[in-house]
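**Q** Coordinates only, no sequence provided:
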C-alpha cells in the first residue's frame, strides 16, 4: 500500500473489549488496485479476537478543494478557553486513559451531563488536539472521530456506550491546529443508538466523517475502578470518556 | 444466529463487480453473544473475491417505539402517482436489472438529471417497493438503502458511481407498504463523495440508515450496452440505476 498511504474508508466491528497492553494485528490483503487497496485487519490479544475491520486505502490530495460541498460549515464552537476541559481522572467514577494523550475541550452547551444537567439530545461538540503539540495526521483523525464522550451521556445515561460498528471516511489531510468535532445521533431505539461525527480542521475543512451504532441502556450504572472489566459486556467496546 | 435473525449492522467493502449469475458465500463466525452475533462474509464468483462484509445480527422488536428521536420525520415526498417511475430499459443508455424487481418512483424535484436538468445537489428522494407486491422485510431494507440512483447524477455526472464502502443499520421492522427513501451527500472531493440514506416505512418510522463512500469522475461517460463490463473500473461496485 505504498502508493495508498491514507485509509479512505475504515469499517470495524468490535468483538470484545481490549486490555491496556500489547496486541497482535493480522492484515490480509484483499485487493490492490490503481487508486485503492483494500485489506482485512484483525486485532487480538493473547489469541482472543477483539476487533475485525476492513480498510480501503488511497491517497488524499493536499491542495485540492472540494468539487462540491453542501451548505454549512464547522460546528459553531465557543473559543477553546471557554470550553470544558476533559480530565483523565473523575473522582468517584472511572479513569479515561485517552485523555492522557488527547486534549479535549467540550462546548458547555453540550456538556450538561457532566454537571448533572443533560441536554436531552444526542449531540456533543468540542475541540480536540494532542497534548504533546504534534499536529494531527490522517491516523489521528481515526481517533478524533470518536474522542468526544458518547452523545448518550446527554440523554442522561452516564454509562459506557459500547460500540457495535464504527465506519470512518477520511476526506482531507488536516491542517495543523485544533480539530473541531461534532457528534449527533438521530434515533435511540431498543437499546441502540446511531451517532454521526464530523471532524473539521483549523482551516475550516471537513477532514473526516464517521458513523457508529452503539448500545445505551438506562438501567446500567457507570463503571468504576477495579470492577470495570467485568461490568463491560463482552463484545462491545467501551467508549473513551 | 437463530436467536439473532436481523442484521443490525452490516459493513461491506466492494472489491470487484459481479456478473449476473450464481455466487459463493463464505461465512466465518466471529462472536456469538447474548444480544449480538457477528460474522465475516465473503462473496465470490469462480473463486474471485467480489465483496467482503462484517455483519452483527440481533433481534429487532416489533412493537417498541423509539426511546428518543431527533425532530424531523420521513422525507416530504409527492404522492406515488406524481413521481417518476424507474424504467429497467433506458433507450440508448443501459439496462437496470434491479428495476425488474423493485418498483421505484422518484420525486421529480430530485430527478432533474433524468431530464438533463440536474439539481446541482447530492440529494435524491423516492418511493420503493417490490413489483410482486410482497411486503418489505428486514433483508429488503438492505436493498432499499441503495435502490435510488446515485445522488451524483444530480451533480450532472451521469456515470456509474462505484461504491467503495457501504454500511447499513437496521433500526426497526418495516410495516407493509411503500418505503420512503432519501439519500443525501455532504462532500464531493478528490473524486469521492459520501451518501447518507434513510428508509422510512409506511407507518412513518425510521427503519434503516446507511452511509456509503463512492466514486464520481465527471470525465466518465455513462456505460452502455455491450461494453458495460469493461468500462467499470475493477474493485468498485456499479450503482443500481
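**A** Nice, I can see it. Predicted model only: the values in this text are computed from it and were never measured.
**Q** Would you check how far apart the residue nearest in space to the middle of chain A and residue A:183 are?
**A** With the centre of chain A defined as its mean C-alpha position, the nearest residue by C-alpha atoms, centre = their mean is residue A:146, 1.0 Å away. Residue A:146 sits 8 Å away from residue A:183, taking C-beta to C-beta, to the nearest Å as the criterion. In this view, the C-beta of every residue, glycine as well, is placed from N, C-alpha and C.
**Q** and what of residue A:132?
**A** According to C-beta to C-beta, residue A:132 stands 24 Å off from residue A:183.
**Q** Residue A:178 contacts residue A:128, correct?
**A** Yes. With contact defined as C-beta atoms under 8 Å, residue A:178 counts as touching residue A:128 (7.1 Å).
**Q** More neighbours: which of these two?
**A** residue A:128 (23 against 18; other C-beta atoms under 10 Å in any protein chain shown).
**Q** Which secondary structure element is home to that one?
**A** strand A:123-130 (DSSP states H and E).
**Q** what helices or strands is that strand leaning on?
**A** Where contact means 3 or more C-beta pairs under 8 Å, 6 or more residues apart in numbering or on different chains; DSSP states H and E, strand A:123-130 is packed against strand A:102-106, strand A:179-184.
**Q** Helices along chain A, start to end?
**A** A:138-144, A:228-231 (DSSP state H).
**Q** Those helices: lowest mean pLDDT?
**A** Set side by side, those give their lowest mean pLDDT on helix A:228-231, at a mean of 29.
**Q** give me the low-pLDDT residue ranges for chain A?
**A** A:1-2, A:90-93, A:219-241 (pLDDT under 70).
**Q** What segments of it are strands?
**A** A:6-14, A:24-32, A:37-45, A:48-58, A:68-69, A:84-85, A:102-106, A:123-130, A:163-170, A:179-184, A:187-189, A:192-200, A:206-215 (DSSP state E).
**Q** List the buried residues in the third one.
**A** Applying a neighbour-count criterion of 16 or more other C-beta atoms under 10 Å in any protein chain shown, one finds A:37-44 buried in strand A:37-45.
**Q** circling back to that earlier point, sheet partners, orientation included, of the strand holding residue A:128?
**A** Sheet pairing of strand A:123-130 (DSSP bridges) gives strand A:102-106 (antiparallel), strand A:179-184 (antiparallel).
**Q** So what angle separates the directions of the last one and strand A:206-215?
**A** Put plainly, it is strand A:179-184. 40 degrees (axes from the mean of the first three to the mean of the last three C-alpha atoms, to 10 degrees).
**Q** Just want the angle from strand A:179-184 to strand A:192-200.
**A** 160 degrees.
**Q** Show me the contact partners of strand A:179-184.
**A** A:74-75, A:77, A:122-129, A:136, A:140-141, A:144-145, A:147-148, A:151, A:195-202, A:207, B:70 (C-beta atoms under 8 Å, 6 or more residues apart in numbering or on different chains).
**Q** any idea how far residue A:59 is from the residue sitting furthest away from the middle of chain A?
**A** Most distant from the centre of chain A: residue A:34, at 29.4 Å, with distances by C-alpha atoms, centre = their mean. Per C-beta to C-beta, residue A:34 is found 11 Å from residue A:59.
**Q** Repeat that for residue A:96.
**A** Counting by C-beta to C-beta - residue A:96 and residue A:59 are separated by 34 Å.
**Q** Residue A:125 too?
**A** With C-beta to C-beta as the criterion, residue A:125 and residue A:59 are 30 Å apart.
**Q** With residue A:77 instead?
**A** 30 Å.
**Q** And those two? Which one has more around it.
**A** residue A:77 (21 against 14).
**Q** Am I right that that one is in contact with residue A:106?
**A** No. Using C-beta under 8 Å, residue A:77 makes no contact with residue A:106, being 9.4 Å away.
**Q** any common contacting residues for the two?
**A** Shared contacts of residue A:77 and residue A:106, defined by C-beta under 8 Å, 6+ apart, are found at A:83, A:125-126.
**Q** Most neighbours out of those, which is it?
**A** residue A:126 (28 neighbours).
**Q** I'd like the distance between the nearest residue to that residue once chain neighbours are set aside and residue A:121.
**A** Nearest in space to residue A:126, with sequence neighbours left out and distances taken as C-beta to C-beta, 6 or more residues apart in numbering or on different chains, is residue A:106 at 4.2 Å. Distance, residue A:106 to residue A:121, using C-beta to C-beta: 14 Å.
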